[in-house]
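S.K.: any chance you can model this:
(one chain, ligands or ions: 2)
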Amino acid sequence: MNDIIKELAELEEMMLQCMKCGTCQHDCPLYRTDRKESSVARGKISLIQMVYDGKLEETANILKHVDKCLLCGRCKNVCPSGVKTDEIFLKAREVLRKINKMPGWQKMILKTAMDKPELMAKMAPLMHIGLKFGSKKIKEDIYKPFLPGMGGRSVVGIKSKAFAKEFGGFHKAENERMKVIFYPGCAVNLIFTDWGKAIVEILKYYGVSVFVPETNICCGIPAATMGELELYKKKVNENLDMFESFDGAEHVITCCPTCKYGLSEMGEKQTGRAGRIPVTDILVFLKEVLKIEEKVELEETATIHFPCHYEKDKHGVVEEFVTENIGSDYKKLTNQSCCGFGGTFNIKYYERSSGFADSKADEFQEKQVEKVYTPCPGCSLQLNDAAAKEGLDVVVTHPVISLYNKIKG
Ligand code: SF4
Ligand code: SF4
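M.R.: Numbers count the residues shown, from 1 in each chain. Ligands and ions are numbered 1, 2, ... in the order given. This is a model prediction of the structure:
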């Protein structure tokens, strides 16, 4: 116990920067809905401080509150004192996990998913069939006794062939002007394989040759959020080694802001290693590096959901892409709160998690949008679920899909 308190106290310097001003309350999606101090960054920091000050005996219960967090980073973004809430919460989860140990079977699944990516890719056909069968059962809610809250979900299926298995290798562009690596991440590798295909084809169309890793190594963020920071660091290092093995690549392109954050900003903080190749979101790459002027001109009413980890100063890039390159009739969402996905948060607290997306779906309906663009696979899963539950005739997708449909004619 003393070791744990000592480890938590290592966070003291970062936590003392919190003036308890409460500015973070306004932007915390959890606090905005339950008004509980234990939901917001200030309250969580106070609880951790009380543990190492020896004022709280039930240390294990504290994990519950630290765990109940979307890790959306909104508190960090608005904090006037620059408190690194994301680093504090990840480290606290790691330390407190030593008391509330993860069940052995969960740890085994996590380690297999992280350490055996080739096995995961080989299992894609089985998972594809299993999920097809399973999602019907989820709708029927037969899992309720074991997995309460799973019922009624609309699950986007796993594809029968992993993206890296199908597209792994070098894709040379005619009139090559640059080489990049495309990092699909787990969701594109196994679920949104069409996003990956569109990105490779678009890049080649603009004269960019693409390396696609033959095995997708997870960015490690799921491990970090479960308190397994060492496993996360291992994945970051493996990915950086892999990126640096591709000769002449100038960017690592991603289409998941959480993977980008995990492999760059947070990855560097945790491992102390900065990648040599910049990690760049696909839309930012198309607009700011390639400066594409393509016009798709779709006659449809569209809106955008901005993912929490998508850099705020790049929101304008996404808007320009949708309004200028795609040419949609754009209706801005009033509710730009978190979609509520939060990775494992969605699995553990589904009812709470889906509540955030449901309120967004209400606005889709009210504004009569036909397409919802979001440059994140996690948000896409969550919003698809909410739209399906409300029976909305709306397509949730990444903006590159509309560009790709035009290019391929
Ligand atoms: S905004 Fe920052 S300083 Fe203020 S209470 Fe929240 S974490 Fe603490
Ligand atoms: S990371 Fe998000 S959910 Fe967690 S405390 Fe901060 S604002 Fe709230």
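
S.K.: spatially central residue for this protein, please.
M.R.: Closest residue to the average C-alpha location of the chain: residue 258 at 3.8 Å, with CA atoms, centre = their mean.

S.K.: now that residue, nearest residue through space, not along the chain?
M.R.: Nearest in space to residue 258, with sequence neighbours left out and distances taken as CB to CB, 6 or more residues apart in numbering, is residue 309 at 4.9 Å. Just so you know, the C-beta spots here come from the backbone N, C-alpha and C atoms, and that holds for glycine as well.

S.K.: so the one you found is in which element?
M.R.: Using DSSP states H and E, residue 309 falls within no helix or strand.

S.K.: isn't it up against residue 376?
M.R.: Yes. The criterion here is CB atoms under 8 Å, and residue 309 meets it with residue 376 at 7.5 Å.

S.K.: look at those two and report which has more neighbours.
M.R.: Higher neighbour count among residue 309 and residue 376: residue 376, with 26 against 22, using other CB atoms under 10 Å.

S.K.: picking up where we left off before, any residues in contact with both of residue 309 and residue 376?
M.R.: 257, 258 (CB atoms under 8 Å, 6 or more residues apart in numbering).

S.K.: dump the residue contacts of the nearest residue in space to residue 329 that is not next to it in sequence.
M.R.: Distances taken as CB to CB, 6+ apart place residue 301 nearest to residue 329, at 4.8 Å, with adjacent residues excluded. Contacts were defined as CB under 8 Å, 6+ apart; by that measure residue 301 touches 328, 329, 331, 367, 368, 369, 370, 371.

S.K.: only whichever of these are buried, select them in PyMOL.
M.R.: Here is the PyMOL selection string for the buried members of these, based on 16 or more other CB atoms under 10 Å:
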select buried, resi 328+331+369+370+371
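
S.K.: now render the contacts of residue 301 as CSV, adding distance to ligand 2, secondary structure and pLDDT.
M.R.: CSV is the format used below for those (distance: CB to the nearest ligand atom, whole Å; DSSP: H, G, I helix; E, B strand; the rest coil; pLDDT from 0 to 100):
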residue, distance to ligand 2, secondary structure, pLDDT
328, 29, coil, 89
329, 32, strand, 92
331, 26, coil, 96
367, 26, coil, 95
368, 30, coil, 95
369, 26, coil, 96
370, 30, coil, 95
371, 27, strand, 96
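
S.K.: that older thread, the residue nearest to the centre of the chain contacts residue 376, doesn't it?
M.R.: Yes. Between residue 258 and residue 376 a contact is recorded at 7.1 Å, counting by CB under 8 Å.

S.K.: need the overlap of contacts for these two.
M.R.: 307, 309.
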